[in-house]
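*Asks:* Pasting a predicted model and its sequence here:
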Amino acid sequence: MAKEAKLEKINQVSWKQRMASYKKTPLSLVLNLLATLSIIFTVAVLVILIGYILIKGIPYLKPDLFAFNYTSDNVSLFPAIVNTVIMTLLALLFAVPLGIFAAIYLVEYAQRGNKLVGVVRITAETLSGIPSIVFGLFGLLFFVTTMKMGLSLFSGALTLAIMILPSVMRTSEEALKSVPDSFRQGSFGLGAGKLRTVFRIVLPSAVPGILSGVILAVGRIVGETAALIYTAGTVAQIPANIMGSGRTLAVHMYVLSSEGLHINQSYATAVVLLIVVLLINGISTLIAKRISKG
C-alpha cells in the first residue's frame, strides 16, 4: 500500500509538471495530442481491418477449403499454402545470403569514401522503390522467356529474391553498423583475425536486426501477387517440382475475388494468409530472442 501511495504521488507530481510545461509551451500540448490521435487512429485501423477480415472469413473456413486437391467445387487453398511455403523458402535461399554478404562487405571490408559503396547503396534504394509489377515484367522477359524457365515456382522465386534483396541488404547493413566497435577491437586484441571476428563476434550480435529485415522480406513475399502472376502463374495445384507452375495464397485470393464466384472463400483465404504471416513473425521473433540471449 505504501508503494502504491508513493507511485500515485509521483504520478500526480509528474502530471502537474507536464501541465505546467504545456502552459508555457502550448505547441507541445498540440503536438502531444496529434501524436496520441495518430496512435489511436493507427491502432483503430488495424483492429477494424483485422476484425472485418475475421468476421467475413471465419464462417467459411470449412474442411473442404483444405482439401488436398483443388476443384471448382471446393476451391481448396491447401495447394496455395504449400506453394507459398516453397516460394518463401526459395526466395529467402537466394536473397538472404547475398544480402548479408553484401552488407558484410559494405560495413567490414569496404574502405570509407569508396565510390563503389555509394553506387551500391543508391542502386539498392532505387530497387526498393520500383513497383512490383515492373519486377514481374522483368521476370517474365528474362527468367520465363529468355532463360526458358517458363511459368514456374523457380522463376517466381528468383524474381522475388531480386525484389527483397535491397531491403535485406540495407537492414543487415544497419544491424552490422549497430554492433559497437569495442566488440571488434576486443576480438582483435585477443588475436582473432578479421574473418573470425566478423563471423564469431559481429554477425551473431547483429542477428536480431538481420532477422527483422528477413521478417519484412517474408511479409512482402507472402503478400505479393503482381510479380507472381507473370512469373509463377496461377495453376491451382501443387507442382511436381519447382519448375512447375503454381499459385501462392495471395494469388489464390486475388483469382477468387477477380472471378467473382467465390468471394466468401477469398475472405477465408485472407484469414489463413493473416494467420500465416502472424505465425512467421512470431517464430522469427522467438528465434531472434533465443539467439540474442545465447
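*Replies:* Great, that's in hand.
*Asks:* Measure how far the host helix or strand of residue 45 is from the centre of its chain, please.
*Replies:* Take DSSP states H and E as the rule and residue 45 turns out to sit in helix 26-57. Its chain's average C-alpha position is 22 Å from that of helix 26-57, according to CA atoms, centre = their mean, to the nearest Å.
*Asks:* For that helix, which helices and strands make contact with it?
*Replies:* Helix 26-57 sits against helix 2-24, helix 263-293, with contacts defined as 3 or more CB pairs under 8 Å, 6 or more residues apart in numbering; DSSP states H and E. In short, each C-beta sits where N, CA and C put it, glycine included.
*Asks:* Okay, now the unreliable bits of the chain?
*Replies:* Within the chain, the segments meeting pLDDT under 70 span 1-26, 28, 113, 288, 291-294.
*Asks:* which residues touch the spatially most central residue of it?
*Replies:* For the chain, the residue nearest the mean C-alpha position is residue 216 (1.7 Å; CA atoms, centre = their mean). Counting by CB atoms under 8 Å, 6 or more residues apart in numbering, residue 216 makes contact with 167, 171.
*Asks:* Now with 7 Å, please.
*Replies:* residue 167 (CB atoms under 7 Å, 6 or more residues apart in numbering).
*Asks:* buried ones in whichever helix or strand it is part of?
*Replies:* Per DSSP H and E: residue 216 is located in helix 203-223. Residues 203, 205-215, 217-218, 221-222 are the ones in helix 203-223 that count as buried (16 or more other CB atoms under 10 Å).
*Asks:* what's the answer for stretch 187-194, then?
*Replies:* Those would be residue 187, for stretch 187-194 by 16+ other CB under 10 Å.
*Asks:* starting at the chain centroid, how far to it?
*Replies:* 35 Å.
*Asks:* For it, report the contacting residues that lie outside it.
*Replies:* 197, 201.
*Asks:* Next, the distance between the ends of that stretch.
*Replies:* 9 Å (CA to CA, to the nearest Å).
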